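Novice: I need the structure of the sequence given here:
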Amino acid sequence: MAFKIAAYGVRENEIESFHDLNKYSYDLKLIPENLTHENVQTAQGCDAVLLRGNNVGDQQNLDQLKEYGIKYVFTRTVGFNHIDLKAAQNNQQLVAYVPGYSPLSVSELAFTLGLTLQRHIALATSRTARGDFKVHTDEFATEIHDLTIGIIGTGRIGREEAALWKGVNATVVGFDRYPSDANQDLLTYVDEDELLSRSDIVSLHVPYFPDSNHHYFNQSYIDKMKNGAILVNTARAEITDVSAILDAVETGKLTGFATDVVENEGHIFGHDFAGQPTEDDLADRALRLYPKVIMTPHIGSYTREALHDMIAISYENFNDVLTTGSSKNLLAAK
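Specialist: Next comes the predicted model:
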């Protein structure tokens, strides 16, 4: 009998890739909805689940999956904070993730968001959409070759964003706790304070560790930023104090803020509020600040290439544990 996987959050345009990449002939149950407390029963009869961000992998669901005999709780994402690793360990459930997929997918979005704000594209198009074709003084911009871009977190994604900015002749500086000699051709490493004070655009590519960097990018960081700078976050919302950032946009300390992530995004992303409030105070406040604040619904990895990597690596993770009992991408509770 084929190994049966319930994959959650599968969009219509992703179905073909799930089937085309299924070289191990898994029995697939492709479910468009995210895993929640209300639909966990859809995993009955399966051997494993494959989640994505904003799926609920808390103790309640893990316990229920254990009752269904499901030992494998995998995610096709880099982030895994939607899964309670300790609860999974207690249930003797294995958890694996995808440590990396096309780094260009996120870096290109970060680059685009930064440039959209810097050249005031959202501001200008919001006005022309209303029929205002005047040229306003707040649409005045600086050319790219005179910009300094600060990349905080210079791993694979940060490096690719640096390459994009370098390719259009911007000056790129970077900060990382573990600088890489391989990046020296794209950026100059500086300390955080210098990066913040020099950069016209600061782009974050920092992983989230709840016990050590929750809301670490806070008021003290904003105070060190160049007046009129732009902040871009395509990493994790939890690393930023969004309230302080929005304050800075309102006062003019920051020209703009672009984000592909919000806290508690499972309650927001994937829903159409039809112009009504989301009932999340920070998200609603951010929306009111458009076009100085622009938000995208976590589409950083929403490219053909990234999807291919997510699915293909997930299938390899399953094959590894089924044939060898382990995988290099297994996660352990800390």
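Novice: can you give me the strands in the stretch 1-150 of the chain?
Specialist: Secondary structure of the stretch 1-150 of the chain (DSSP state E, counting those that start in this stretch): strands located at 4-8, 27-31, 48-51, 72-75, 95-96, 148-152.
Novice: want to throw those into a markdown table with mean pLDDT?
Specialist: Below are the strands of the stretch 1-150 of the chain laid out as a markdown table (pLDDT from 0 to 100):
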| stretch | mean pLDDT |
| --- | --- |
| strand 4-8 | 98 |
| strand 27-31 | 98 |
| strand 48-51 | 98 |
| strand 72-75 | 98 |
| strand 95-96 | 98 |
| strand 148-152 | 98 |
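Novice: make TSV out of those and add mean neighbour count and distance to residue 307.
Specialist: Any C-beta I mention is one placed from the backbone N, CA and C, and that applies to glycine too. Shown next, in TSV, are the strands of the stretch 1-150 of the chain (neighbours: other Cβ atoms under 10 Å; distance: least, Cβ to Cβ, whole Å):
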stretch	mean neighbour count	distance to residue 307
strand 4-8	23	12
strand 27-31	17	13
strand 48-51	27	13
strand 72-75	26	14
strand 95-96	25	18
strand 148-152	26	25
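Novice: per-domain residue ranges of this protein.
Specialist: 4-101+303-331, 103-295 (automatic domain parsing).
Novice: end-to-end on the longest one?
Specialist: For domain 103-295, the separation between the terminal residues is 20 Å (Cα to Cα, to the nearest Å).
Novice: the first one too?
Specialist: Criterion Cα to Cα; first-to-last residue distance in domain 4-101+303-331 is 21 Å.
Novice: can I get the strands of the stretch 1-150 of the chain in CSV with distance to residue 124?
Specialist: Formatted as CSV, the strands of the stretch 1-150 of the chain follow (distance: least, Cβ to Cβ, whole Å):
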stretch, distance to residue 124
strand 4-8, 39
strand 27-31, 41
strand 48-51, 40
strand 72-75, 39
strand 95-96, 45
strand 148-152, 22
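Novice: can you map out the helices along this protein?
Specialist: Along the chain, counting by DSSP state H, helices occupy 15-20, 59-67, 85-90, 103-118, 121-128, 156-167, 192-198, 219-224, 242-251, 281-288, 304-324.
Novice: so what touches the first one?
Specialist: Going back to what we said before, that points to helix 15-20. Here helix 15-20 makes contact (Cβ atoms under 8 Å, 6 or more residues apart in numbering) with 7, 10, 28, 30, 307, 308, 311.
Novice: thought residue 30 was touching the second one, still the case?
Specialist: Yes - with contact defined as Cβ atoms under 8 Å, residue 10 counts as touching residue 30 (4.4 Å).
Novice: give the contact list for the closest residue to residue 219 other than its chain neighbours.
Specialist: Distances taken as Cβ to Cβ, 6 or more residues apart in numbering place residue 244 nearest to residue 219, at 4.4 Å, with adjacent residues excluded. Going by Cβ under 8 Å, 6+ apart, residue 244 touches 218, 219, 222.
Novice: filter these down to the buried ones.
Specialist: Buried residues within those, counting neighbours by 16 or more other Cβ atoms under 10 Å: residue 222.
Novice: identify, from the contacts of residue 244, the entry nearest to residue 163.
Specialist: residue 222 (27.0 Å; Cβ to Cβ).
Novice: ok, for that closest one, nearest residue in space, not its chain neighbours?
Specialist: residue 248 (4.9 Å).
Novice: and for residue 268?
Specialist: residue 278 (5.2 Å).
Novice: count of neighbours near the one you found?
Specialist: Using other Cβ atoms under 10 Å, residue 278 is surrounded by 17 other residues.
Novice: same check, this time on residue 330
Specialist: Other residues lying near residue 330 total 14 when counted by other Cβ under 10 Å.
Novice: for it, list the residues it contacts.
Specialist: Taking Cβ under 8 Å, 6+ apart, we find residue 330 in contact with 94, 95, 96, 321.
Novice: closest one of those to residue 50?
Specialist: Among the contacts of residue 330, residue 96 lies closest to residue 50 (Cβ to Cβ), at 9.6 Å.
Novice: got a list of what the closest one touches?
Specialist: Neighbouring residues of residue 96 by Cβ under 8 Å, 6+ apart: 72, 74, 75, 314, 317, 318, 321, 327, 329, 330, 331.
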